[in-house]
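Trainee: Mind folding the following:
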Amino acid sequence: MKNTLIFLIIFISFLIIVILRDYQIKRKKLKLNNSLNSNLFIKVINNLIEENKYNLLEERIRLRDIDAYGNEDYKKWIGNPPLDEKAIKKNILNGSKRFKEGIPYFWEKVILTKFESVELFFEKWESYCSENPTIDDEILGKIRKLETEDWFVFIASQIEKSCLNLLEKHYSKKINESYKKGIKFENHCMEILKQHGWEVKETPNTGDQGVDLIASINDLRICIQCKDHEKSIGNKAVQEISAGKLYWKGTHAILVSRSGFTKSAQKLAKSNKVRLINEFQLKDLDKFIV
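Mentor: Down below sits the predicted model:
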């Protein structure tokens, strides 16, 4: 009887050890899976935002509303999508207008496409929440628990950070040495335009959105970026002036360079209706915008 009891105690102890070991193994696997899914989630999101940052900024500018007093409204850009997984699927299936523009449109057409389905997106998102259980809520002014329905706040915040960072980089360009060199070229271009009948205004040193000069005659409002570089101008300048034209409500976008343009920039400019010229062609600017 005594031996039987000892054997039973040993067996139960062994069984407990096995159960605990299996539990620990499953827990480690779950943690590893959550970690991998979380890393994949944030990597995919950030890569997609980086790849599309200029287009996102352009849409942000296009969708903003400005009242008579200069107040900016970004409701169209931010949007108001459903937050519940089932409601999202239903809205997408029914072709809801809540995913037709702004950040919700980018989420559905670009981000969701990468994850292949709503279910897979939320599977990765829940893993991210598990690995990052809190969020610094700027509205409430405190750190709180990250909820499943915070997915859109998170996505929108990442996109807004990218757009604002892009704008900030544009501002910082105005204080470096290349700007000091470039301002002379801007003044030169401005004088040429004035001599040929254009009314020309300089944009502010900060917040120019890629536009150096705005030349006007009648209903024409030409947004101009001036580049005094040694190398051919590439795609970035084309993207900047395209976004800048929208921001300043221009009718045309012109890129002026002393060093020419890359083939890629020429192709992109054509598709974005940006005119590429040199300083000597400024005197005949009206011919290039017809």
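
Trainee: what comes up buried for stretch 229-238?
Mentor: In terms of neighbour count (16 or more other C-beta atoms under 10 Å), stretch 229-238 has its buried residues at 229, 233, 235, 237-238. No exception for glycine: its C-beta is placed from N, CA and C like everyone else's.

Trainee: End to end on it, go ahead and measure it.
Mentor: End-to-end distance of stretch 229-238 (C-alpha to C-alpha, to the nearest Å): 14 Å.

Trainee: same thing with stretch 125-142?
Mentor: So stretch 125-142: terminal residues 22 Å apart, C-alpha to C-alpha.

Trainee: again, but for stretch 262-276
Mentor: 11 Å.

Trainee: tell me the helices in this structure, going along the chain?
Mentor: With DSSP state H as the criterion, the chain has helices at 2-51, 53-63, 75-78, 85-93, 102-106, 112-115, 118-131, 151-172, 177-195, 235-247, 263-271, 285-288.

Trainee: CA atoms of the third one as CSV?
Mentor: These are the backbone C-alpha positions of helix 75-78, laid out as CSV (Å, rounded to 0.1, in the frame of the first residue of the first chain):
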residue,chain,number,x,y,z
LYS,A,75,-11.5,65.7,-41.9
LYS,A,76,-11.6,64.4,-45.5
TRP,A,77,-8.0,63.3,-45.2
ILE,A,78,-8.3,61.5,-41.8
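
Trainee: Give the other helices and strands that that helix contacts.
Mentor: With contacts taken as 3 or more C-beta pairs under 8 Å, 6 or more residues apart in numbering; DSSP states H and E, helix 75-78 sits against helix 53-63, helix 102-106.

Trainee: Please report how far the nearest residue to Glu131 once chain neighbours are set aside lies from Lys114.
Mentor: Distances taken as C-beta to C-beta, 6 or more residues apart in numbering place Ser38 nearest to Glu131, at 4.0 Å, with adjacent residues excluded. Distance of Ser38 to Lys114, given as C-beta to C-beta, to the nearest Å: 16 Å.

Trainee: Which one's more surrounded, these two?
Mentor: Ser38 (19 against 12; other C-beta atoms under 10 Å).

Trainee: What does the pLDDT read for the more buried one?
Mentor: Listed pLDDT for Ser38 reads 87.

Trainee: Pretty sure Glu126 is one of the things the residue nearest to Glu131 touches, is it not?
Mentor: No: in this structure Ser38 lies outside contact range of Glu126 using C-beta atoms under 8 Å: 9.3 Å.

Trainee: Let me see the contact set for Leu83.
Mentor: Listed by C-beta atoms under 8 Å, 6 or more residues apart in numbering, the contact set of Leu83 reads 149, 151-152.

Trainee: May I ask you to name the longest strand in the protein?
Mentor: Longest among the strand segments of the chain by residue count, using DSSP state E, is strand 220-227.

Trainee: CA atoms only: put that strand into PDB for me.
Mentor: Output in PDB follows, covering the C-alpha atoms of strand 220-227 (Å, rounded to 0.1, in the frame of the first residue of the first chain):
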ATOM      1  CA  LEU A 220      -2.600  82.000 -64.300                       C
ATOM      2  CA  ARG A 221      -0.800  81.100 -61.100                       C
ATOM      3  CA  ILE A 222       2.500  79.300 -61.800                       C
ATOM      4  CA  CYS A 223       4.300  77.500 -59.000                       C
ATOM      5  CA  ILE A 224       8.100  77.400 -59.700                       C
ATOM      6  CA  GLN A 225      11.000  75.600 -58.000                       C
ATOM      7  CA  CYS A 226      14.500  76.800 -58.900                       C
ATOM      8  CA  LYS A 227      17.400  74.400 -58.800                       C
END
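
Trainee: Mind listing the strands that strand pairs with, and their directions?
Mentor: Note on strand 220-227: by DSSP bridges, its sheet partners are strand 213-217 (antiparallel), strand 252-257 (parallel).

Trainee: if we compare the ones you listed, which one ends up closest to Ser162?
Mentor: strand 252-257 (22.4 Å; C-beta to C-beta).

Trainee: Compute the distance between Lys267 and Lys89, please.
Mentor: 39 Å.

Trainee: what do you get for Val238?
Mentor: Distance from Val238 to Lys89, counting by C-beta to C-beta: 38 Å.

Trainee: And Trp77, by the same measure?
Mentor: Applying C-beta to C-beta, the value for Trp77 to Lys89 is 24 Å.
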